[in-house]
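Student: got a predicted model here, sequence first, then my questions.
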Amino acid sequence: QVQLVESGGGLVQAGGSLRLSCVASERTFTSYAMGWFRQAPGKEREFVAVINWNGDDTYYADSVKGRFTVSRDNAKNTMYLQMNSLKPEDTAVYYCASHWSGSIVLVHSGWAWGQGTQVTVSS
């Protein structure tokens, strides 16, 4: 099973930016859809952004559209999440995940998860 390691989280002021990275352990990464999810305290895990296997199709939650950008570099087995204009409500643990389907999937089943990285946005 592919191993996923996130990095890039931290503390930032509202209006600031962060870039998250997710490195996968296997070359099969290149055939998987990849996604970013987040979970705030007391809330369910939610989709943030999803990208298909070759990067030509993406999905964004309404709450992050226009502020976040998901991308991937298959040569480096790496996915990114550029987060701009951050808001306090973006505070959460952000998880990288992979799905065996190479296409965009918006169900919670079938994903393999990383350990998560904390993002905290202060007001």
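Tutor: Thanks, I have the structure now.

Student: if I look at Glu89, how far off is Ala61?
Tutor: Look at Glu89 and Ala61: by CB to CB, to the nearest Å, they are 12 Å apart. Where you see a C-beta, it was placed from the backbone N, CA and C, and this is true even at glycine.

Student: and for the two, which residues touch both?
Tutor: Where contact means CB atoms under 8 Å, 6 or more residues apart in numbering, no residue is in contact with each of Glu89 and Ala61.

Student: so between those two, which is more surrounded?
Tutor: Higher neighbour count among Glu89 and Ala61: Ala61, with 16 against 11, using other CB atoms under 10 Å.

Student: helix or strand right after the helix or strand that contains Arg38?
Tutor: Secondary structure assignment for Arg38, by DSSP states H and E: strand 33-39. As assigned by DSSP H and E, the chain's next helix or strand after strand 33-39 is strand 46-51.

Student: can you tell me what sits against that next one?
Tutor: Outside strand 46-51, the residues within contact range by CB under 8 Å, 6+ apart are 33-39, 57-61, 64, 68-72, 79, 81, 94, 104-106.

Student: what subset of the residues you listed is buried?
Tutor: In the contacts of strand 46-51, burial by neighbour count holds for 33-38, 59-61, 64, 68-70, 72, 79, 81, 94, 105, counting by 16 or more other CB atoms under 10 Å.
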